[in-house]
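Engineer: Structure, please.
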Amino acid sequence: MLKVTDLNCYYGAIHAIKGISLEVSEGEIVALIGSNGAGKSTTLRTISGLMKPKTGVINYDGEDISGIPAHKIVGKGLVQVPEGRHVFANLTVLENLELGAYLRKDKEGVARDLRDVFDKFPRLAERKNQISGTLSGGEQQMLAMGRALMSKPKLLLLDEPSMGLAPLLVREIFDIIKEINQDGTTVLLVEQNANMALSIADKAYVLETGRITLSGTAKELAASDEVRKAYLGG
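Structural biologist: Reported below is the predicted structural model:
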């Protein structure tokens, strides 16, 4: 579904992403793990069209999307939940969710998906008329994910969904990611919490200072001494 080949990205003179290649097949959860500043978020921002790569090809669903604007990429079913959530703080929960469907014309489908989001995230249903800026961090993460689901993604990019959340909420968010995947959405997950990411992923890549240093099935990486020492606290 997604094939990134020899991607190079720069911030001014800084070479942030150094020739990375990765693949995501339909139906998979693929994790991209690594420490802070490794280039994980830059990779997602480039795939979703928020940053232009210097060189390399991003092939999504059989099409080179490397130079396509971000809003057109969303229209093709590739949708990102950004790091830090970025909900529209002065709008209600319901208004945020409706904005997720801004490209869609199928009113019945939108209404059905809204019901599905409220089923997945009962807390959002309880707070649908609440101003989003007054939600807790965990609720805002649920809202950011719900808003992305309203655009009917085929491939969902999740950037640090567990950041700043209490352990109990982290588990809940990861259970929901598994459920979203079981419902038919492919997931590319960027996550500093390597333990949680590898526990739900099919395969994973390790990114260090802009380069992929290891890749394999999630089980293989979870068992690797190198990964355990660097990311799993063992």
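Engineer: residues in contact with Gly137?
Structural biologist: Counting by CB atoms under 8 Å, 6 or more residues apart in numbering, Gly137 touches 85, 164-165. Where C-beta positions appear, they are placed from N, C-alpha and C, glycine not excepted.
Engineer: Now, these that are in strands?
Structural biologist: Applying DSSP state E to the contacts of Gly137, no entry is found in strands.
Engineer: List buried residues within those residues.
Structural biologist: For these, a burial check counting by 16 or more other CB atoms under 10 Å picks out 85, 165.
Engineer: Do a quick rundown of the helices in the chain.
Structural biologist: 40-47, 70-75, 93-100, 107-120, 122-126, 137-149, 167-182, 194-200, 218-223, 225-231 (DSSP state H).
Engineer: Out of the ones you listed, the one nearest Glu26 is which?
Structural biologist: Closest approach to Glu26 among the helices of the chain (CB to CB): helix 167-182, 11.0 Å.
Engineer: in that closest one, what's buried?
Structural biologist: 169-170, 172-174, 176-177, 180-181.
Engineer: could these go into JSON lines alongside distance to Leu156 and pLDDT?
Structural biologist: Putting these into JSON lines (distance: CB to CB, whole Å; pLDDT from 0 to 100) gives the following:
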{"residue": "Leu169", "distance to Leu156": "19", "pLDDT": "91"}
{"residue": "Val170", "distance to Leu156": "18", "pLDDT": "93"}
{"residue": "Glu172", "distance to Leu156": "17", "pLDDT": "93"}
{"residue": "Ile173", "distance to Leu156": "13", "pLDDT": "94"}
{"residue": "Phe174", "distance to Leu156": "14", "pLDDT": "96"}
{"residue": "Ile176", "distance to Leu156": "11", "pLDDT": "95"}
{"residue": "Ile177", "distance to Leu156": "8", "pLDDT": "97"}
{"residue": "Ile180", "distance to Leu156": "7", "pLDDT": "96"}
{"residue": "Asn181", "distance to Leu156": "8", "pLDDT": "97"}
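Engineer: just to revisit the earlier point, could the helices of the chain go into a markdown table alongside distance to Ile20?
Structural biologist: A markdown table is the format used below for the helices of the chain (distance: least, CB to CB, whole Å):
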| stretch | distance to Ile20 |
| --- | --- |
| helix 40-47 | 7 |
| helix 70-75 | 19 |
| helix 93-100 | 29 |
| helix 107-120 | 32 |
| helix 122-126 | 35 |
| helix 137-149 | 24 |
| helix 167-182 | 23 |
| helix 194-200 | 17 |
| helix 218-223 | 16 |
| helix 225-231 | 17 |
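Engineer: Okay then, goodbye and thanks.
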